[in-house]
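Visitor: Compute the structure for the input listed below.
(chains A and B)
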Amino acid sequence: QQQVKQSPQSLIVQKGGISIINCAYENTAFDYFPWYQQFPGKGPALLIAIRPDVSEKKEGRFTISFNKSAKQFSLHIMDSQPGDSATYFCAASMVSGAQKLVFGQGTRLTINP
Amino acid sequence: DVKVTQSSRYLVKRTGEKVFLECVQDMDHENMFWYRQDPGLGLRLIYFSYDVKMKEKGDIPEGYSVSREKKERFSLILESASTNQTSMYLCASNPTGASGNTIYFGEGSWLTVV
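Guide: Numbering: from 1, shown residues only, chains lettered A, B, ... in the order given. Coordinates of the predicted model:
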């Protein structure tokens, strides 16, 4: 079963616009929620992450919004640039132990110039 | 910088062949992982290891085995490759502990089984 559900599968945004990707999780024991960015031919790389004790985390143009009661979190990319075109994965894990990540299905983001 | 190296980037194997995918990390991480990436399914955990000679099944272990004889090296083995194992395989590692949440990935191994 898919413990983390991600939408949309693909997204096209104009340069300068806001890109929004959503994720929902089921396991209330998850307490770490990262987003990974993957460029073609490369492995995923950590972009930004949040713990459930805060509702929002911002790093530059990237913001995670977290809603614990709804078990949802989202990635917002402000002023989207062509260089942001990549596949984005949300994930969830528990901080303790080996921190195995459970991934969403991925979103292919295209920023049109 | 953490480096996770997957020695084989592109492989083509025949059905029934035994396949070895090798992964080495250079940061003395305790935990190592093998994921499989397929379009529309995201990354799915095959096996992980939290110490030398220790391993645990992930979500999709069927048809795979692993070996971890040294801390820095984690191998994925397909005992008898099948066409449904055509995929991209990602190795990853991270350290144990509260600061170890970041998982570092290799660049992937594209396996085609014909």
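Visitor: Out of the helices and strands in chain A, which is least certain?
Guide: Ranked by mean pLDDT, DSSP states H and E, the weakest helix or strand in chain A is strand A:102-103, scoring a mean of 91.
Visitor: could I get the helix or strand following that strand in PDB with only the CA atoms?
Guide: Next along the chain after strand A:102-103, taking DSSP states H and E as the criterion, comes strand A:107-112. Presented in PDB, the C-alpha positions along strand A:107-112 are these (Å, rounded to 0.1, in the frame of the first residue of the first chain):
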ATOM      1  CA  THR A 107       6.100  14.900  -9.600                       C
ATOM      2  CA  ARG A 108       7.800  15.900 -12.900                       C
ATOM      3  CA  LEU A 109       8.000  19.700 -12.800                       C
ATOM      4  CA  THR A 110       8.600  21.700 -16.000                       C
ATOM      5  CA  ILE A 111       9.100  25.400 -15.800                       C
ATOM      6  CA  ASN A 112       8.500  27.100 -19.200                       C
END
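Visitor: Tell me if strand A:107-112 is near chain B.
Guide: No. Against chain B, strand A:107-112 shows no contacts by CB under 8 Å from any CB of the partner chain, the least distance being 9.0 Å. (C-beta placed from N, C-alpha, C; glycine too.)
Visitor: list the contacts for the residue of chain B found nearest chain A?
Guide: Per CB to the nearest CB, B:F105 is where chain B lies closest to chain A, at 3.3 Å. B:F105 sits next to A:36, A:43-45, B:4, B:35, B:90-92 when contact means CB atoms under 8 Å, 6 or more residues apart in numbering or on different chains.
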